[in-house]
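Q: Next input, structure requested:
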Amino acid sequence: MTCSVLLDLDGTLIDSYPGISASCLAALRALGHEPDETPDIKRIIGPPLEEIMQTLLQSYGDDRVGEAVTAYRQYYGESGFLGSVPYPGIGNCLAEMKRCGLRVYLATSKREIFASRILEHLGFASYFDGIHGSVPSGELDHKPELLAHILSRHGLAPSRSLMVGDRRHDISGAHAAGMRGLGVLWGYGTRDELETAGADQLVNSPADLAGTVLSMVNGKQSPG
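A: Numbering: from 1, shown residues only. Coordinates of the predicted model:
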């Protein structure tokens, strides 16, 4: 059977902080708030958007999470998604994984339509056998459900699949779906966060990502 790798987007393939930060600021202003400065959201990038907006609104005593999410997505869809920069060497990494015969899938909490536009914009879309993210119904907002959906949709064996991401949600989601989780240390999560979540392995730099992924999927397989 062919081995598969499922990749997170924000903090794993791309540094999306500038676009996400600008979109959060636009959402707060759309709700009538005037932040003194751009909010520091690096520590909360990764979870579903509703959780991010809830956290940002708490300091204003505002519970209009749905309205904030709508405003965010409007701004992000118009221009915010363009504020995404691939980490150095990620393009080569994707090419190497495909060259070695891996099936490559995107698994992000970002809306699927935005994720597709970003990958197309960066010239990465052709490396992927499937691009998956959250959908308007909300049923795939969380990583366990999203990863189970991808495995089922493409007939992938958990024991021959690997999830790669920078936050605890990626690792816990992988384990819930019966996969191993590889944590990357250049994103928005910390080493401590990933180790506490039970990451099966950690990788320090994008230059080492393809080699680490290949060694894990071609080595001893986890039950699944």
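Q: and the residue of the chain most remote from its centre, how far is that from residue 60?
A: In the chain, the residue that sits farthest from the middle, by CA atoms, centre = their mean, is residue 32; the gap is 29.4 Å. Per CB to CB, to the nearest Å, residue 32 is found 9 Å from residue 60. Glycine gets a C-beta too; all of them are placed from N, C-alpha and C.
Q: next one: residue 142
A: From residue 142 across to residue 60, the span is 26 Å (CB to CB).
Q: could you pull out the strands for the chain?
A: According to DSSP state E, the chain carries its strands in the segments 4-7, 14-15, 85-86, 103-111, 130-134, 161-165, 180-184, 201-203.
Q: what packs against the first one?
A: Applying 3 or more CB pairs under 8 Å, 6 or more residues apart in numbering; DSSP states H and E, one finds that strand 4-7 contacts strand 103-111, helix 143-154, strand 161-165, helix 209-218.
Q: coming back round to it: could I get the pLDDT score of the residue farthest from the centre of the chain?
A: With respect to pLDDT, residue 32 scores 96.
Q: Would you list the phi and psi of it?
A: Dihedral pair for residue 32: phi 90, psi 10, per degrees, to the nearest 10.
Q: how many other residues sit next to the closest residue to residue 108 other than its chain neighbours?
A: The shortest distance from residue 108 to any non-neighbouring residue, by CB to CB, 6 or more residues apart in numbering, is to residue 9 (3.9 Å). For residue 9, the tally of surrounding residues (other CB atoms under 10 Å) stands at 23.
Q: Next up, the contacts around residue 9.
A: Residue 9 is in contact with 16, 106, 108, 110, 115, 118, 133, counting by CB atoms under 8 Å, 6 or more residues apart in numbering.
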